[in-house]
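**Q** Next come a sequence and a model predicted from it.
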Amino acid sequence: MSDLPVKDLTLPGPTLADFEDARARVSQVVHVTPMETSSFLSEYLGSPVYLKCENLQRTGSYKIRGAYNRLSRLDADEKRNGVVAASAGNHAQGVALAARELGIKATIFMPLGVALPKLQATRDYGADVVLSGHSVEEALRAASEFSETTGAVFIPPFDHPDVIAGQGTLGLEILEQVPDVETIIVSIGGGGLASGVASAVTQVRAQTGGVIRVIGVQAANSAPYALSMKLGELTSVVSTPTIADGIAVSKPGVLNFEIVRRVVDEVVTVQDDDTARAILVLLERAKQVVEPAGAVGVAAVLTDQVRALGKTVIILSGGNIDPLMMERVISRGLAASDRYLHFRVMLPDRPGQLSRVSEIISEVNANVVEVLHTRHGRGLQISEVELELSVETRGPDHAEQVLDRLREAGFTPVIADS
C-alpha cells in the first residue's frame, strides 16, 4: 500500500450508502464488465496494469449506470411526464436504454452533425430523436426549452447526485475485481465518472485505513479541469476540436468539481496524436475497440505522465467509435507511432525514377501504400517532378532506414505534414 496522505472525507454529493444503493438498482440492467490484464502496459509502466473494459458495457459505455440510477429514482408523476436529454452520443444512448427498461418516454436532442451510428443506436433504443443545432450546447438549450414547455424531466449528463452515484458503481466493481488497487486512471469530461469513481473508492478504502491515488485525464484541446485544479476554482475554457469529443466540455460540473478537487490527486492532459496512438495500442495489444475519450488514460501512460505506483487500473470508459473515425484514427496512430511515413522527394523528369524509388523502398522491406506523382507542384523546375509517398514501416528505426537508403541513392526526401 502507498504512503499517500489521507484524503478529505468531508465530501459533497453521494455517500457510500448512496453508491451502494445505486449499485443495487443498476445491477438490474448493467453488466459487470471484464477486468483484463495488460502485459504490454505493465512492462511500460513498471507496475501491474489492468484495463476495466467499460467499452463492453451495454450501450458501449459507462453512461447507462448514471442514466438508469437517475431515471429509476423519478416519482410516478415525473415518469408520466417523460424525460429529455441532449447529447452527441453516449449519454443519449444511456438515457434511451434506461428509459426503455423503465417504460418511460424519452426525447433526445442531438446536434445536426451527430455520427450516424450514434443517432441510429439512440433511435433503436426507443427514444424520439430531435436533431437541433450544430453543437451539443445548442442541443442542450433546445432540450431545456422542451423541458420547460412539456414538463419532461431534464436528465443532465454529469452534474447531478443520482448520476454521480450511478457512475460511481464502477468504482465499487473495481475494488471487488482488484481489491489491492493503488492507482486508478480515469478520463474526465464534465466529471460525472471521475467524481463518482473517486468518491466511491475513497470512501470504501477509508474504512480500512488505506488510500487510492486517482489520476484524471483530459484532452489538451478541452481541459477545464486541468486549469480549474491549478487555479483552485471552477473555471471555463474555450474548447477547440478534439477527436475525444466524448469528454470535450468547456466547464466542469459544479458538484463534480467540488468532489474532484478533494479526491482526485492530479489531472493531466494528452494530445490527439497520443490518443490515436493509444487506440492503436489497445487494438493491437489488448484486442479492445475503444473510442478516443475512453483511450486517454492509456495515452497518459504512453506519454509518461503517470509514474508507477503499485497496481494500476485504467478505465476504458467507452467503445462507441464511428467506423469512419476509426479509419482516420488508425492512420493518425500509425503516423504518431512512426509506422506511417509520409514524405516528398523531387525527381528528374526522366524514365525510371519512380521505379528506382520504389525499388529502394522494397529493398528495405517497407511497403508503399499511396503515391502521388505530379509535374505541377509549386517551386518545381520544368525538368522536375514531385513524388509524394505514404509508406508503412515497422517503427522509428525502420523509417529512418528508409530515408537513409534514399539519401545514399542521391535523393533528398522531405518529411511531409500528415
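**A** It's in.
**Q** For Ala220, which residues are in contact?
**A** Counting by Cβ atoms under 8 Å, 6 or more residues apart in numbering, Ala220 touches Thr242, Thr269, Val270, Gln271, Asp272. C-beta here means a position set from N, CA and C on the backbone, and glycine is covered the same way.
**Q** Recalculate using a threshold of 10 Å.
**A** Residues in contact with Ala220 (Cβ atoms under 10 Å, 6 or more residues apart in numbering) are Ala226, Thr240, Thr242, Ala244, Val268, Thr269, Val270, Gln271, Asp272, Asp274, Thr275, Val296.
**Q** what's the spacing between the last one and Ser132?
**A** Pointing back at Val296 there. According to Cβ to Cβ, to the nearest Å, Val296 and Ser132 sit 28 Å apart.
**Q** which of the two has more neighbours?
**A** Val296 (34 against 18; other Cβ atoms under 10 Å).
**Q** Phi first, then psi, for the residue nearest to the more buried one when sequence neighbours are not counted.
**A** Among residues not flanking Val296 along the chain, Val217 sits closest, at 4.3 Å (Cβ to Cβ, 6 or more residues apart in numbering). Phi and psi for Val217, reported as degrees, to the nearest 10, are phi -130, psi 130.
**Q** ok, which stretches of the stretch 251-400 of the chain are strands?
**A** 266-270, 312-316, 340-348, 367-374, 384-392 (DSSP state E, counting those that start in this stretch).
**Q** Identify, out of the ones you listed, the most deeply packed stretch.
**A** Stretch with highest mean neighbour count among these: strand 312-316 (a mean of 27; mean count of other Cβ atoms under 10 Å).
**Q** That one pairs with which strands, and in what direction?
**A** strand 49-53 (parallel), strand 183-187 (parallel) (DSSP bridges).
**Q** Next, format the strands of the stretch 251-400 of the chain as a markdown table and append distance to Pro34 and mean pLDDT.
**A** Below are the strands of the stretch 251-400 of the chain laid out as a markdown table (distance: least, Cβ to Cβ, whole Å; pLDDT from 0 to 100):
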| stretch | distance to Pro34 | mean pLDDT |
| --- | --- | --- |
| strand 266-270 | 24 | 97 |
| strand 312-316 | 10 | 98 |
| strand 340-348 | 31 | 86 |
| strand 367-374 | 34 | 84 |
| strand 384-392 | 32 | 86 |
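**Q** TSV for the ones you listed, including distance to Glu233?
**A** Formatted as TSV, the strands of the stretch 251-400 of the chain follow (distance: least, Cβ to Cβ, whole Å):
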stretch	distance to Glu233
strand 266-270	14
strand 312-316	26
strand 340-348	42
strand 367-374	49
strand 384-392	47
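**Q** so which of those strands gets nearest Leu193?
**A** strand 312-316 (7.3 Å; Cβ to Cβ).
**Q** Centre of the chain to that closest one, how far?
**A** 12 Å (Cα atoms, centre = their mean, to the nearest Å).
**Q** Give me the pLDDT value at Ser383.
**A** pLDDT for Ser383: 62.
**Q** Begin at 593, not 1, for the rest of this chat.
**A** Sure thing, new numbering starts at 593, so read that last one as Ser975.
**Q** Let me know whether Pro988 touches Ala928 as I believe.
**A** No. Counting by Cβ atoms under 10 Å, Pro988 stays clear of Ala928, with 11.0 Å between them.
**Q** Look at these two and report which has more neighbours.
**A** Ala928 (22 against 12).
**Q** list the contacts for that one?
**A** Neighbour list for Ala928: 863-870, 872, 891, 894, 921, 1010 [criterion: Cβ under 10 Å, 6+ apart].
**Q** May I ask which two of those residues are separated the most?
**A** So, the contacts of Ala928 by Cβ to Cβ: farthest apart are Leu894 and Ser1010, at 18.1 Å.
**Q** The two: which is more packed in?
**A** Neighbour count, other Cβ under 10 Å: between Leu894 and Ser1010, Leu894 has more, with 22 against 13.
**Q** in the stretch 893-1010 of the chain, which spans are helices?
**A** 915-928, 945-955, 988-1000 (DSSP state H, counting those that start in this stretch).
**Q** Please tabulate these in a markdown table, including the columns mean pLDDT.
**A** As requested, the helices of the stretch 893-1010 of the chain are exported to a markdown table (pLDDT from 0 to 100):
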| stretch | mean pLDDT |
| --- | --- |
| helix 915-928 | 84 |
| helix 945-955 | 90 |
| helix 988-1000 | 92 |
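**Q** which stretch among the strands of the stretch 843-992 of the chain comes nearest Gln993?
**A** Nearest of those to Gln993, taken as Cβ to Cβ: strand 932-940 at 10.4 Å.
**Q** Just give me how far that closest one sits from the chain centre.
**A** 34 Å.
**Q** and it with strand 976-984, angle?
**A** If you take axes from the mean of the first three to the mean of the last three Cα atoms, to 10 degrees, strand 932-940 sits at 160 degrees to strand 976-984.
**Q** Show me what strand 932-940 packs onto, helices and strands only.
**A** helix 915-928, helix 945-955, strand 959-966, strand 976-984, helix 988-1000, strand 1006-1007 (3 or more Cβ pairs under 10 Å, 6 or more residues apart in numbering; DSSP states H and E).
**Q** show me what contacts the nearest residue to Leu964 once chain neighbours are set aside?
**A** With Cβ to Cβ, 6+ apart as the criterion, Leu964 has its nearest non-adjacent residue at 4.1 Å, and that residue is Glu980. By Cβ under 10 Å, 6+ apart, the contact list for Glu980 reads His934, Phe935, Arg936, Val937, Glu962, Val963, Leu964, His965, Thr966, Gly969, Val1006, Ala1008.
**Q** Equivalent analysis for Thr741, please.
**A** Counted by Cβ under 10 Å, 6+ apart, Thr741 has zero contacts.
**Q** Give the buried residues for the helix or strand that contains it.
**A** According to DSSP states H and E, Thr741 maps onto helix 728-742. By neighbour count on 16 or more other Cβ atoms under 10 Å, the buried set for helix 728-742 is Val728, Ala731, Leu732, Ala734, Ala735, Phe738, Ser739.
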